[in-house]
Structure formats: structure tokens, C-alpha cells
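Pasted the sequence and its predicted model underneath.
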Number of protein chains: 6
Amino acid sequence: MGVSDSAKSQAEVLIQALPYIQKWSGAIFVIKYGGAAMSDASAAQVMQDLVLMHCVGIRPVLVHGGGPEISDLMKRVGKQPQFVDGLRVTDAETMELVEMALTGKTNPRLVGLIQQQGGRAVGISGKDGGLIRARKLASAVDLGFVGEVASINPDVVYAALRGGYIPVVSPVGLGIDGATYNLNADFAAGALAGALGAQKFILMTDVPGVLSDTESPDSLISELTREQAQRMLDTGRVSGGMIPKLQACLHALEKGCPRAHILDGRIPHALLIEVFTDSGIGTMIR
Amino acid sequence: MGVSDSAKSQAEVLIQALPYIQKWSGAIFVIKYGGAAMSDASAAQVMQDLVLMHCVGIRPVLVHGGGPEISDLMKRVGKQPQFVDGLRVTDAETMELVEMALTGKTNPRLVGLIQQQGGRAVGISGKDGGLIRARKLASAVDLGFVGEVASINPDVVYAALRGGYIPVVSPVGLGIDGATYNLNADFAAGALAGALGAQKFILMTDVPGVLSDTESPDSLISELTREQAQRMLDTGRVSGGMIPKLQACLHALEKGCPRAHILDGRIPHALLIEVFTDSGIGTMIR
Amino acid sequence: MGVSDSAKSQAEVLIQALPYIQKWSGAIFVIKYGGAAMSDASAAQVMQDLVLMHCVGIRPVLVHGGGPEISDLMKRVGKQPQFVDGLRVTDAETMELVEMALTGKTNPRLVGLIQQQGGRAVGISGKDGGLIRARKLASAVDLGFVGEVASINPDVVYAALRGGYIPVVSPVGLGIDGATYNLNADFAAGALAGALGAQKFILMTDVPGVLSDTESPDSLISELTREQAQRMLDTGRVSGGMIPKLQACLHALEKGCPRAHILDGRIPHALLIEVFTDSGIGTMIR
Amino acid sequence: MGVSDSAKSQAEVLIQALPYIQKWSGAIFVIKYGGAAMSDASAAQVMQDLVLMHCVGIRPVLVHGGGPEISDLMKRVGKQPQFVDGLRVTDAETMELVEMALTGKTNPRLVGLIQQQGGRAVGISGKDGGLIRARKLASAVDLGFVGEVASINPDVVYAALRGGYIPVVSPVGLGIDGATYNLNADFAAGALAGALGAQKFILMTDVPGVLSDTESPDSLISELTREQAQRMLDTGRVSGGMIPKLQACLHALEKGCPRAHILDGRIPHALLIEVFTDSGIGTMIR
Amino acid sequence: MGVSDSAKSQAEVLIQALPYIQKWSGAIFVIKYGGAAMSDASAAQVMQDLVLMHCVGIRPVLVHGGGPEISDLMKRVGKQPQFVDGLRVTDAETMELVEMALTGKTNPRLVGLIQQQGGRAVGISGKDGGLIRARKLASAVDLGFVGEVASINPDVVYAALRGGYIPVVSPVGLGIDGATYNLNADFAAGALAGALGAQKFILMTDVPGVLSDTESPDSLISELTREQAQRMLDTGRVSGGMIPKLQACLHALEKGCPRAHILDGRIPHALLIEVFTDSGIGTMIR
Amino acid sequence: MGVSDSAKSQAEVLIQALPYIQKWSGAIFVIKYGGAAMSDASAAQVMQDLVLMHCVGIRPVLVHGGGPEISDLMKRVGKQPQFVDGLRVTDAETMELVEMALTGKTNPRLVGLIQQQGGRAVGISGKDGGLIRARKLASAVDLGFVGEVASINPDVVYAALRGGYIPVVSPVGLGIDGATYNLNADFAAGALAGALGAQKFILMTDVPGVLSDTESPDSLISELTREQAQRMLDTGRVSGGMIPKLQACLHALEKGCPRAHILDGRIPHALLIEVFTDSGIGTMIR
């Protein structure tokens, strides 16, 4: 009757999303996004996914990383990035560069992308409103201003949510000593998911998820219980960058967040596929 | 990477709907649905469309008709429906049957369908909370309790919207004389769209829309200005059941509703196609 | 001094009502009204009593029956009402007629009477907003769509109360299976009284109350404890229609409603006499 | 059926009051009460009337006088009350006694009576929250601290109304100079009625109302227009204490209060008769 | 640079007050002020201190005494004040004078002083809104209308605080018998501090505080625990007027107020010094 | 009596501040702070002043500059800052550095100082929530991403104020083209003062104010009308950096802000002296 098949199938897709929209209405999702996956095209798509979630009643909170931006700025000022066990050695000058890269470059870039797509976002540093209180991370070697989360006061995030904004959080923290600390973004996001009572904690990475055979991308594990995930860590069945990611997920679950996801941020609209379709994607731990 | 093409294209469809979801967030749409189009399968689909709209932030208000149900009940009690100029002759006994069919059968059926699909609906008779004050329709022949809208007090609809419900309205009205009147559902819906300051008034019918050649379904007119629609009425270029439909649309536009639509309710998910896709469908008058 | 004695005694009556008005300010009363008592003149008076209660700060919730209207409609379509143990055999066609009579005739009639007297009322079907979830009543003989209350979600009633309306509830319920069920109005009202935390549950009947000697209207028992009422049921000292009424009262008391009343609806303004005067009337169970 | 005729006629009276309760729901009435009429028994009855009004949704604001209490206290401390043109000569010492009698005796007495009858009242001095700003009344003879209303800030009265209290106001005012002024209670009440947008201003006196023949109590005038009342003042057809009362009424009407009443406070429950019955009483000016 | 040293040191003082302003933001302080200390100049200063506290976010509640005003009024009407164990013998006539002096003189004087300094105050009698329910104090000799606090209903104080006013409370109470009772202001204030959950209870007196040697003003004790204060009472180490003051403080502490202070009201701005500076002043009991 | 003179004079200072605290309660002040004046010690003091203002009911909004930090970062990455007519030539790479220095260094430093002193602050980039929409500044020479304010949407600032935070704003803006623009902080602050309806716009500089003789610091002009300030600009009586400052003040006044101040940020607690004492400081334009 003059209506294209394409229009009809579009309508069908919307209808298939309905139960998910109903299910997640009002829920807070904490999404960690960062690292190599954060190319310009990818970032624009991920921000679009957040705007769509926000429009249909979900309350997404974004925590970003920024390793490449930090290293890039360091190199430009002639400093060589150094890492010990995957942690960046952070002297006072480096800390300043870290904060400039995270809070002054990555954060406003993501905020700008959301605003450009008709969304409403506010950047929030972990120092704003005392959001993240940090303390120096204990370690064998002195890593300088590498910190860990001491406590979370989520008031400033709630104020942003109440105002109808998507909070975009940069993972730095203020110490009792007044110093600024560099935090692991995965862990900071997991702690925030716990403190906010988020319904989901979603870690976007550049791998397909947890693999049973790290050599084979086809060996993706779709779902793990907390116990299974813990056992994989304990028995060394995961390795490299996946270890802290699984630990961050388990931390969020411990703090009361019921579901953690490790998603492949390289898949276009991975967030929408995970949240609004029947298709399994990545690994869910609960 | 293990994600089906279908999942990816589903995500694309959702993203294409985003600008429409943003545009209509918070808007009230008054939708008239009824008549022959209201088969069981169709009704379930239309109600599903309302639930989806509601979920993504639109505030739909449904006004239903019920001609076939009325005639059916009349026949069951042995009364022969009579019409003068398309209007049902409504003696006191018929009025009682009209109200039972509308408020006691069609209305709770639609409410039940919405509830079954996870939505929240409340049935509202035009008599509830003084919503529709009616008066006897002046006519050459005495049509009995056939009325027209005298005034609208939308408080009870707003109370339902504030409570998070989809209002489902049956088109009867209470006269100053305490009598109940049978109202033309298209007109009642148009008047309600005006009184509520609705962003859209959508008339679902069983024809493709306004045709420039009534013999040819391919001659659909996609868009009309108020002036053009009025001229078509004045010059007799529309006929039959389309006349009161166009008049109801013009009435809603006069009362301040900026857009009226005549849609083909036989197309599956016609509402979603109209509201959330780029595809034109039916006739829009503005 | 030019003021009539009648005016003075009117003032005295108002003053005598003062302590009762103070006592019940803000309280929810669930009132069951229906059956043979519901003649036109009587209904107008009872609705007036509700409007007065509402005006002075009480929040009445009306649940109505409609047996005679149902039977009347059945006969008009040529169906013979059948009862087993006082319960109406309700096949699918009958259920449709039941709903039309209750939700489409009795309910809007009562709403209209309240509106005509300057009150504000909304009709609420037990299906609206998922108010009453029902399930098929287990019984020796298959009674069809005769149901019992599975659960109550009073949100829609609270929304109506917040909006300043008197809710008028028709006693049907929606099953998980999507079917509509016919409910005993006395029981539905009692369950609603419990769910709403009503201060009073008032059952209006066409007998004086509980009698110690069923042959003698003078043997009215003014007050019973729950234990006494239970014992009367257990020992067969009540019979006929009074049995389910006492059971409904006991059900409301179990659910936390502190007082249940069985009143003679044939007495003009029985509600006002019970609520606002020193005169005892009917039977109170607490 | 065991219900006394008295109970039935009580119910009838309540029903007759219904239209008045509906009409005045939410309205503010400013009531001036004082003078010789304020005996113990009378005061208890008038306060009971206020409590009833309050219970059924009216928001009464009481302004009291206290001439006899003032004179009594003056005599007890050995001062002889002096009047010039009906106004009390008020030196500094007298002003102190005036305030003690009004704010420290009459006001808490009335508050106590309301509280004792289950109402909720707060005493408010015209000095509280800057309610009444006063200035020295210009006059031929120096009357000392006799003042007139310069401006009204009704915030403190609204705060009391919002809290659910009956405000009881003593008619003193604070000057810009920091001095306390003695105000005519009738005028202060009229000004307050205007500032609060009261629906009624009611002056309770110890005469039947405005008489066409001051010698004949039977010559009561039930209703006057503003123009008629003004003409009576202009042509000297009223005299003595009625002059300032009529003037206070006209002042309230000028400030926007639509109805002023002069009632005979000696009639038991005169307020209830005026407000809730069909009987005319006293004089209404509009 | 053209800025005086005085301006700079003013700024320094404000900065030194900052931690105290932060600490007490939103806190309720109940302050008892009265007796001989209440000269005109002193009262103006104390009221100014309250206005300043109010401005910076503290919510002060003032309870005043009025012994000298009462005795003065009694003498003016020719009655000789009599005391038994420091309690005023209060026959019916005396009670009337007490109430006039407290509620009609001292209270509006303090309210007026606050208003004159740009603050917002309301006088509240202990009878207003049922604030203080009193009962006759049991004693060997009949003291007449000398009462003690039976219960506190702080609603009317909260309404005043919500309205942005400083409540000024006169210490009288209403008995169940409808009689008015004269209360010890120190005790009434302590009870109010407990009922309001005040952060501080401050008793302003005309002595430096609790002395370890009552003969030596230099022997001021800055801080006492509850246990120490109780022991001083038990062992007779305090005497005279300090006994009831210490008892009132202990009463407030028992009711949950965490700190009680006895301050010398003769020191200018003693309240500000106690609340906003590092200087110790008076005795604190916790 | 054991209270030090110092404590007494502290109390006096607080009392002298009272009228100013009363006057500015609830007012929004937009304060521009930046440039050379922003040394560590100075910044800590200025932030303390903001915290104090906030505590006593003022709602300060801080806009900061960051020229030295920008130039410092540029030099560290080997870029030579270039200026044309006082405006920084800003190519794409420079813009990135500008944003990192402003939003990633200066802004969180100031937020951290406020938090460390017990205040509550949030950093807000001009891009957050679409706060500042910018467009390319038209100029003879292409200055790259140097922009001017196109429009202000203050919602995100109001959300921060409602949440009880001091907003700290970095002066960058988002163009319609999605590019980020470098804004003159003085002008951005003036525009924000206008959009927020601020009561005061305060520009903190490192000169004493507007001088009548630019060679003589003693020739400070305390107060200027808008007309006088405009004339000084028109006649060239101000020069250098003072020109854009005066222009920014005039811009704020045009947009409806009633008072603009140019203060010497080098004076300790200059803000407190200006706001809370009788001492004149700097230049006020109104």
C-alpha cells in the first residue's frame, strides 16, 4: 500500500527493542570506554549509543580512560612514559600532564561529541564535589602519584543526572593531602558502579571478551558467574590486560552491581546490540 | 567478530530513530483508533506501538470508537441500528447499549491489551471527572442522544499522564441535563487534541489517506495545508467517510494542535513508521 | 432576633458532627455498594453522602456490584442466568456481558451521579493500571470466568485520590492469561480496603446488619469482635447472603483494616448517620 | 428500622450544608471578633465555629479586638481610660498595657479555646514577621500611639495557613520608628482581608446588622451594594459605632475582597448560620 | 595600595569565623535569654547576634524569661510577688498577669528588636499549636498555676523555621484541663532543645558560668562532662540559681541535645564569641 | 571577665558585616579571576573568600583565565606563543593545548583548592551542557580558533547551584561546526553575568582599578557610571589591558547586571573587603 518494506522492517526492529527499553527504564549503567578503541569514528558512534540510551530512559554514566593521549602529551613535552607492571610511573610533572590529557582533552572531546549529537553531557573530574577521594597506591616500587579509590561521594553525579545530563567522568582523585592522583580507569569505573547502585557495569575493550583459549577469538565465553571468573583469575586462565579488567568487574559486583559486561568496543554500536537486541555479545559476569 | 549482520542492522535502525525520539520527547499525541480496522491482531499491534511510544518519552492519549461493537450488541438485544446521514439514531435504550459497548467492552479490551504488553493504561470515560461536557446535536431529524462536545476539562487526563499511564478514552459525554450523549469519536478526539495542546492528532482509518482521485489508491496526497484541506471540502473533492475525518482534523488544527495525520491503520505498525522513520505515510495536514 | 429556630438547630447539628469530621480527616474509607439496594433514588442519595464525606476531608473509594444489571442484560440477549452456590456461571459470552454491565453501565451511572452533585469522580475498572490481578476460582463445578483476587496494585487508585477524585471501582480483574474475570464485589472491596490501609470498610446491604435471631429484625448486633464474628460463621449462626459478607469483612480486618461495617443501604443517608452522628447503625466488626 | 428520626434529620442538615461546603472549599475568610460580644460562653462557641469551618476546608483568619480587657487592665493599674471621638488616648504606658491585654491576654485565650476544641491555632501579633507596618494616625488632638495601617506583609499569615493553623491576629503594628501602635481592629481586619485576597470579610458585632431605622431592630437591611453603603454613610443614615464598621467593610471591598458581612455575634453559631445555611443573617455588602 | 589595615584585619576575622560557619550550617540552637540581663541595650545586642546567626545558616530558637516584667506588672496592680523555693506563687489572677507580661510584653519586644534589625521573627506562645502541654507541678505547698512540661509538639516551631523566621517562644503551657500554666523558662527551653534535636542549648545568665569556687569569678570551669555536672549537683558544689540551670542543661542533654552552654549574657556579643571564635567562654557541658 | 579584647573585637567585626550579609543573601556574583595574580598563595586566599561567601548565602560563580599556564604548556611542547593585538594566535594544535591548560590544569586546581577548604565546587567547561556556544572571531588577520560568545545556555550552571556547588567555569566554547574555540575570559565572564542575572560582576586584576592618571596609582576612581566609563573608552583615557576589561564590564551591565567591579586581586581578601566591609576598594561601574 505504498509503504516500503524497509519502513516495515524498521518498525519491526523497534518493536523487538521494546522489552529491553521497558526493562532498563530508569536504570543507571556505568560504562567504561577508553584506550586504543577510542578513535574518532568509534567515539562518535559510542557517544551516539549513549544519547540513544539516555533518550529511552536509561541513565548512562561514562568513565573514560586516556592512556594514548597521556603518552602522546608526555612525548610532546619530551618525557618518556615508563610503566611498572602495567602502571604508569607518575612523578609530579607527569601527574600534571595526566590530568591535562584526561580532564582537559579526552573529557571535553567526549562531551563535545555528545552535545553535537543533540545529547546533554557534563564533564566531571573525580575531584569535582569530592567525587573520588584517593590515596597513594601501596607498591614495591614508588610509582609516585598513582592512587587507588579511598571513597566515593556520588552527590555530584546524582546532581548531573537530576539535571538531565549524561555525566562524563575523568578518573583522577583528590587525596586527603591535597595532591591529585592518577587512577586506573577500569577500577574507578567499577567503584563508581558500586557506589551508584548501577544496574550494569560495562567495560568496553578492544578484545571480543573473555576467551577460554586466549589464542582463539572464537572461544568467547558468553557468561560467567562471579565464582567462575574468580577461579579463572586464581588459576591463571586469563592473562595480560584481561586480568585487571576481570578484577574491576568483580569489584563492581562485590559492591552490589548485579551485572558486569566486557564488550568489544570495535564492533559498531556494540552497546546497542548488547542492551537492546536478543544477540549475545561479549562476556557477562553476574 | 561473531556478531551477526542482523544485530548490526538492528542497531542501525535504532540509531536512525534517534532524531525522532529526541524530537518528540515529552510531546502529547492524541490518537483516534477504531472502526473496522480494530481487529484483534491489529489492535494488539497498535497498542504495542503506543507502549513503545510511551517508553521512549512520548505521552500518547488514545481515543477509541466502537461502531461495530455497538451494532453487534444492538442486534443481540434485537434492535436494528438506524443511521441518518451517517449518524446513529440513539434512543434512550440505544444510548445505554452504546455506553456498554464503548465503555464496557472496547475500552477495557484496549486497556487490557496495553497492560498485557507491559504498558500501564487507564480507561477514562468522557464522563469521568467531567472530561467531556456534551449537548444535544441540533439536526433536522431528532437523533435522540446524539451529542456534540460543549467543553473539555482535561484535568483527569493530566492526572493519568502524571501518574505514568496511557489514557484510553471512550467518546461519551455528560450533558448539563445529566443525560449521557453518544459522540462522534473523530470529533471528540480532535477536540481533546486541541484542549491538551497535543503536538500531533493522528486519525487511524482503513483507507490510505486523502486521495486526489478517490478511485485510485495511488493518488495519495502526502501533505496538505489547512487552506488546501478546507478547499477540498468546500469544492466537494472529498466524499463519504473522509468528509468528517478531514473536518475533525481541521477542528484540531483550529484549536491549536500543529499537525493532524490521517493514517492507514491496516498497515502493520503504521504509527511507528509515521513517528520514527523517514518514510512518509498517510496524509499530514498542518 | 430574626433568626429562625430551624437555622439555629441546623447549626447545632453541624457542631455535633465536628468531632467526627476531625476524627476521620484524611482517612480512606472503602465502601461497597450494590445489589438490589441500588435503585435510582437510593443511588443518588448514597453518592451525595460520598460527595459530602469527600468535601470534609475523608477519601472515600467506592466499589460497586451490579448483579441485577448483569442479569437484565443477559436476559435481553436471550441468555438465562445460572448460579451455583450463589456464584454466577460465567462462560466467555457471559463474561463479556458482565463487563459491559459493570464497567459500561453501573460504573458510569454512579460516576455521573457524583459529577451531577458537584463531586469529582473517576471510574476505574479492576483492569486499569493492573489494579486487580485475578485467577480462576477453584471450584467443584467449572464456573468459567469466575475469579478471585490474586493481588492488588493500588497505584491507580492513589493516582485518582491524589488528583482529588472519588474512585469508583468495578470488580473485574485481569488474569495472567490475559482473560477477564468476574469477581465477587464484596471480597474485591475487602481486599482493596486491606491493600489501601483503609480506616473503615463499609458494606452496604439490604438488611439491617447481623442479627442474633435471623427471624427478628430487632435482634441487631451492634458490635462484634473478629473472634465473635468468626465463631458465628463457624457455628452456623449466620446464613445465606450474610455468610460471604461476614467473610469479606473478616478478610479486610485480616489485611489490616481496623473496622468493618455492615450497613442497611435502604436507610436514607445511612453512611452519614454512621460516620457523623452518635447514633449506632448496622453492625461494626473490629 | 431502628434508626431514630433525629439521626435521619441530622443527616438531612448535613446534606443541606453540602453546597456551601463545596462553594467555600479553600477560601480565606477574615473574621473580626471582639468587644462586648466576647464573653466566655460566646467565645467558646465562635471558636468552635472556626474549627468546623477549618475542618471542612475553609481557611479562617481571626482578628480580635480587646477594648474591655484593655480598659480593665488600665483600671487595675490605676489609669483612667480616655477616649476622643471613640479613639483611646494612648500614651507610652497605655500602649504597653494595650499590647499586654491584646497580645498577652485576649489572643492566647482565643488560641487556647481553639486548641481545647481540637483545632490548631497560632497567635500572631501584628508585629510578627512585619505583618502590619503602622504609622501615627493624624488627628486634631495628639492621641499618642494610636496608629493606622501603613502596609501589610501577609507572609507570616500564609506560613501559618500552609502549616495547617488558624491564625489569630492581635491588631498592633510596628512603626518605622520602632514604636508599637494601637490599631482599630475593624480597620486592621479589613486591610488584612484585602491583602490576603479573602473571599469574605466578616465583622461580628453586638447589633443585628445595618438597620434602616436605627430605633427598630426589625428594620434589618439584608444586602447593600457598595454604592448604597457609601450613600448611607454620606447622608448620615448610619450613626455611632456602625460608622467605622461600615467604613471598614468598604475598605475591604475596595482592596478587592468581594463580600463583607456585619453579623450579630450574640446569636449562637451566627457564623455557621451565615456560611452553611440558606438563612439570611446580618447585612451583606458587596 | 590604598586599602586600610583595618579593612584587611576585618577580612581576617571573617576568615577565622569560616570553619565555625561551615560547622554549624543548618543546625538548630535553642537559646534561653532572660532575667536581669535583659536590659534594653543588651537585648538589642543579643537579638543582633541571633540575626547574624540566622543569616549565616544557623536556625536559632529563642526562649525568653521575664521575671522582672512579671513582678513589675504585679506591683503596678497592687499584688506582692511571693516565692517559695525560688518558684513564684501563682494564683489565677497572677497567672493572667504572668501571661500578659511574658506573651504581651517581653515577647513582642524581642520580636520587634529582631524585625528592626532586618531579621524575621515570630512570637510563639507555648499555647500556640499545642507547643507545650503542661501539668501542675507537684509540690509541698500549693503554688497554684506553676506547671511543668508534660509534652512538646514542635510542629509550630518547625513551621516557623520553614517559613524562614526566628521563633521567639514565651514559656507558658496549656494543661489538659484548659488552664494556662507558668513554666520555668530554663527547663522549658531545655525540653524544647531536646524535642527539636538542637545541636546546642545555650543558657544566657548573669554569671560567668559554673565556678569551682563560687566566691571567685576566676575559677570558671570551661568544660564539664554530664557525669561531672551531675556529681557537682549531688555533692552540693553548686548552689543558688545555678542549681536549676545545671539541671536544665542536664535535662537537654538527656533528651539528646549534644552540647549545653552556660554563658554570661552581660558580655557584649557573648553568643558570637562562643559560636564563631576560638575563644572559650562560659561553661560547656557535654 | 575573662574574655579577651580580641574576641570582643572579632565579634564587632562580624556584626559590622551583618548588613552586607543580609543585603546579598541569595545573590549570584560572577567573579573573573586569572592571569598573573593567580599565584598559589593568592589563589588559596581567593578560593577561601568564595567559600565564605557561599557559606553566608551568596552564590558565587567563578570564571578563570589561564594565560600563563597556556604559554607555559606551549613552551614545553616547543611552540612559541604569538599575539596579535593582545589576542593569542590559536591554530588547531594550540587550541588543544589551550583547552588542556584551562580545563585540565587551572580549572581542577581551583576546584581542588575549594574542596580542600571545606567548600563544594564543580568544574564546568564552557562546552558542558552547551553552556557557551561560540563562533569564530572576525578579525583582519586569521587568528585561528579564537572565538567570541554566540549564546549562553546557563542550565548547567543553575544545576550546579541547585546542587549546592560553586561552579568553576573554564572559558572555552563549542562552535556550531563542532570545533572548540578559545574565548577571552573577561568577556565570557561578563556574558555569563548577564545571562545569569548576576547582582555583581567582579573582575579581579593586578592593578588597583581604573586610574584617572595611569601613571599614578593614587588616582584611583572609586565609582563610574556607565556613561562615564564609555566616555573614558571613547576618548582614549584608558589604555592597554584596561580597555578590554572596561569593555567586558560594560557588556555585563548592558546584559542587565547592575554592578561591575574591577578589583586588585593582589590585595589579600580583596573580595571580602569589597563585599562585607564599609571600605571602598577598586572601581565600581553601575
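Sure thing, it's come through.

how about residue A:166, what does it touch?
Counting by C-beta atoms under 8 Å, 6 or more residues apart in numbering or on different chains, residue A:166 touches A:50, A:51, A:54, A:60, A:61, A:62, A:114, A:119, A:120, A:121, A:122, A:160. C-beta: built from backbone N, CA, C; applies to glycine.

Ok, residue A:102 next?
By C-beta under 8 Å, 6+ apart, the neighbours of residue A:102 are A:64, A:66, A:69, A:70, A:170, A:171, A:172, F:104.

In terms of pLDDT, where does the residue in the stretch 51-200 of chain A positioned nearest to chain D sit?
Here the residue of the stretch 51-200 of chain A nearest chain D is residue A:162; by C-beta to the nearest C-beta that distance is 25.3 Å. pLDDT, residue A:162: 96.

In contact with it: list those residues for me.
Taking C-beta under 8 Å, 6+ apart as the test, what residue A:162 contacts is F:159, F:163.

Now do it against chain E, distance only.
21 Å (C-beta to the nearest C-beta, to the nearest Å).

need the contact list for the closest residue to residue A:129 other than its chain neighbours.
Leaving aside its chain neighbours, residue A:129 sits nearest to residue A:156 (3.2 Å; criterion: C-beta to C-beta, 6 or more residues apart in numbering or on different chains). If you count contacts by C-beta under 8 Å, 6+ apart, residue A:156 has them with A:124, A:128, A:129, A:130, A:131, F:122, F:163, F:165.

tell me which of those is nearest to residue A:108?
residue A:124 (11.6 Å; C-beta to C-beta).

Any residue of whichever strand or helix holds the closest one touching chain B?
When elements are assigned from DSSP states H and E, residue A:124 belongs to strand A:121-125. No. Judged by C-beta under 8 Å from any C-beta of the partner chain, strand A:121-125 stays clear of chain B, getting no closer than 13.9 Å.

and the residue in chain A that chain C sits nearest to, what are its phi and psi?
Residue of chain A nearest chain C, by C-beta to the nearest C-beta: residue A:22 (13.8 Å). Dihedral angles of residue A:22 (phi, psi; degrees, to the nearest 10) stand at phi -60, psi -40.

check contacts around it.
With contact set as C-beta under 8 Å, 6+ apart, residue A:22 has these partners: B:51, B:55, B:118.

same check, this time on residue A:150
A:133, A:134, A:135, A:173, A:175, A:176.

In contact with the residue lying closest to residue A:230 once chain neighbours are set aside, which residues are there?
In space, residue A:230 comes closest to residue A:250 once its chain neighbours are excluded; the distance is 6.4 Å by C-beta to C-beta, 6+ apart. Contacts for residue A:250 (C-beta under 8 Å, 6+ apart) come out as A:226, A:229, A:230, A:233, A:260, A:285.

from what I can see residue A:51 touches residue B:19, true?
No. In this structure residue A:51 lies outside contact range of residue B:19 using C-beta atoms under 8 Å: 10.1 Å.

Quick check: the closest residue to residue A:221 other than its chain neighbours vs chain F, distance?
Leaving aside its sequence neighbours, residue A:221 sits nearest to residue A:210 (C-beta to C-beta, 6+ apart; 4.9 Å). Separation of residue A:210 from chain F (C-beta to the nearest C-beta): 34 Å.

No further queries at this time; thank you.
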